Structures are given as C-alpha cells and as structure tokens.
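>>> what's the 3D shape of this:
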Amino acid sequence: MKKAKIYIPAKTAMQSGRGKIKNWVLEFITKDSSINPLMGWETSTDTLEEIILKFPSKEKAIEYAKKNNISYNIIEPKKKEFVIKSYADNFLKD
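Now for the predicted structure:
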C-alpha cells in the first residue's frame with residue numbers, strides 16, 4: 001500500500017504573507033533512495049517521490065487518498081498567534 005502525508009506547506013523565504021498558502025498537499029513517502037555511484041547524487045527508482053498533488057481543502061485530499069487506496073498521515077498546521085501592538089510600544093520600557 002502506498003503511503004502519503006497530507007499537509008499545508010510552509011511559506012517560502014520570498015513570501016511575506018500567508019495569502020497564497022491555502023492549498024493542502026498530498027506527498028508520497030518513499031524509502032527507496034540510494035547514492036548514485038557515478039555522480040554521488042541521491043537517486044531512487046520510485047517515481048512516486050516526484051509527485052506532489054495539491055488540493056483546495058483537507059477533505060478533498062483525504063477523499064482522493066481513500067479513493068485510490070493510499071494510506072495517509074495528516075500533519076495539522078500550527079496555529080499562529082499574533083501579538084497586536086502599536087508602533088509606540090517599540091519605544092516604551094516595561
């Protein structure tokens with residue numbers, strides 16, 4: 001049985017906001033990696049590691065995994081806690 005993980009990817013260093021990070025990703029987990037003896041690069045014979053599927057919601061990703069008999073693990077995103085403070089708080093001493 002194929003194994004996969006379902007998660008929301010973290011924002012890249014080039015992004016300042018989280019507006020475009022709304023898609024859930026289904027990424028296959030493979031353990032078939034080795035070192036290429038000629039070049040020294042990591043290589044694999046399993047092409048599933050190259051497949052990354054994007055879904056608009058977690059439910060759609062789970063539905064796809066169940067429909068295609070894929071064992072999945074859901075990684076929930078961490079809740080961001082925003083501290084709202086004014087500009088003047090930068091100059092006040094506690």
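>>> for the protein, what spans make up the strands?
Secondary structure of the chain (DSSP state E): strands at 2-7, 24-28, 33-35, 42-44, 52-55, 70-75.
>>> can you put these in a markdown table and add distance to residue 13?
(C-beta placed from N, C-alpha, C; glycine too.) Shown next, in a markdown table, are the strands of the chain (distance: least, CB to CB, whole Å):
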| stretch | distance to residue 13 |
| --- | --- |
| strand 2-7 | 18 |
| strand 24-28 | 18 |
| strand 33-35 | 26 |
| strand 42-44 | 23 |
| strand 52-55 | 19 |
| strand 70-75 | 21 |
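>>> report the contact partners of the closest residue to residue 10 other than its chain neighbours.
Spatial nearest neighbour of residue 10, excluding adjacent residues (CB to CB, 6 or more residues apart in numbering): residue 21 at 7.6 Å. By CB atoms under 8 Å, 6 or more residues apart in numbering, the contact set of residue 21 is 8-11, 15.
>>> of the residues you listed, the lowest pLDDT goes to which?
Ranked by pLDDT, those bottom out at residue 15, which scores 72.
>>> contacts only, for it.
Taking CB under 8 Å, 6+ apart, one finds residue 21 in contact with residue 15.
>>> and residue 4, by the same measure?
26-29, 65, 70-73.
>>> nearest to residue 51 among those?
Closest approach to residue 51 among the contacts of residue 4 (CB to CB): residue 28, at 5.9 Å.
>>> was I right to think the closest one contacts residue 3?
Yes - using CB atoms under 8 Å, residue 28 is in contact with residue 3, at 7.0 Å.
>>> which one of these two is surrounded by more residues?
The residue with more neighbours, out of residue 28 and residue 3, is residue 28; 18 against 14, by other CB atoms under 10 Å.
>>> give the closest residue to the more buried one in space, chain neighbours not counted.
Nearest non-adjacent residue to residue 28, counting by CB to CB, 6+ apart: residue 48, 4.1 Å away.
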